[in-house]
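In: heads up, no residue letters with this:
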């Protein structure tokens with residue numbers, strides 16, 4: 001089976017370097033108009049988890065390999081045990097009951113990105129099943145999809161109607177998410193917006209080279 005890397009996910013807003021920060025502008029990226037015009041049957045706005053991208057390969061109903069981007073992770077791998085732990089935890093929860101093929105997801109937990117989800121262990125969360133089914137913002141289609149409105153949604157505190165983490169809400173913890181990944185259900189295309197892409201974000205931003 002040919003192993004693919006996760007396709008780079010672009011912002012639906014054109015980004016420019018302004019005052020030393022690489023931020024979004026009101027201009028819509030060509031080819032990404034669907035993010036704002038697509039209805040409920042076309043677009044899902046799904047919470048972006050903050051971890052590292054990992055895929056698993058299933059053949060004949062069995063997980064046969066685990067990949068961090070294009071690097072294969074052996075079952076016994078010093079320094080990468082957390083990836084194996086995350087997939088095993090997903091298996092216990094039934095998240096790996098998937099058809100044959102390569103499936104992408106995010107490993108989150110205490111060794112990754114400062115562990116914003118406050119997990120004691122690690123967990124692999126598949127994008128196209130768990131995330132779509134449990135971490136989609138139904139409110140996305142209820143309000144005008146303007147640049148100013150979206151910017152305000154991302155910058156406001158939760159107490160004032162700002163965006164909150166659905167993953168953490170299930171654990172009764174109020175916290176802002178890293179961002180949103182938009183899924184085009186008809187074409188398979190994806191796009192993303194992170195809170196740190198906006199001008200008013202306060203905190204450490206991703207480096208441009210790691211986009």
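Out: That came through, no problem. Predicted model, so just to flag it, every value in this text is computed and none were measured. Residues are numbered from 1 along each chain as shown.

In: all helices of this protein, in order?
Out: Ranges of helices within the chain are 34-37, 81-93, 132-134, 147-155, 166-169, based on DSSP state H.

In: surely residue 49 meets residue 175?
Out: No. Residue 49 is beyond contact range of residue 175, at 12.0 Å (criterion: C-beta atoms under 8 Å). Every C-beta, even on glycine, is put in place using the N, C-alpha and C of the backbone.

In: more crowded one of those two?
Out: Each of residue 49 and residue 175 has its neighbours counted (other C-beta atoms under 10 Å); residue 49 has more, 26 against 14.

In: Nearest residue to that one in space, please, no chain neighbours.
Out: residue 106 (4.5 Å; C-beta to C-beta, 6 or more residues apart in numbering).

In: shouldn't residue 1 be in contact with residue 67?
Out: No. Using C-beta under 8 Å, residue 1 is not in contact with residue 67, being 10.9 Å away.

In: what do the two both touch?
Out: 57, 102 (C-beta atoms under 8 Å, 6 or more residues apart in numbering).

In: So which of these two has more stuff around it?
Out: Neighbour count, other C-beta under 10 Å: between residue 1 and residue 67, residue 67 has more, with 20 against 11.

In: which residues of the chain fall in strands?
Out: Ranges of strands in the chain, per DSSP state E, are 13-18, 21-28, 43-48, 52-59, 62-68, 71-72, 101-109, 122-126, 179-184, 190-194.

In: hang on, the earlier thing: among the helices of the chain, which is nearest residue 28?
Out: The closest of these to residue 28 is helix 34-37. By C-beta to C-beta, the value is 6.9 Å.

In: Give me the residues contacting the closest one.
Out: 12, 28, 42-43, 145, 182, 184, 187, 189, 191.

In: Closest one to residue 97 out of the residues you listed, please.
Out: residue 184 (24.8 Å).

In: pLDDT weak spots in this structure?
Out: Scanning the chain for pLDDT under 70 picks out the ranges 203-211.

In: If we use 50, what do you get?
Out: Low-confidence segments of the chain, defined by pLDDT under 50: 209-211.

In: Now do the same contact list for the residue lying farthest from the centre of it.
Out: Relative to the centre of the chain, the most outlying C-alpha is that of residue 60, 27.8 Å out, by C-alpha atoms, centre = their mean. Going by C-beta under 8 Å, 6+ apart, residue 60 touches residue 100.
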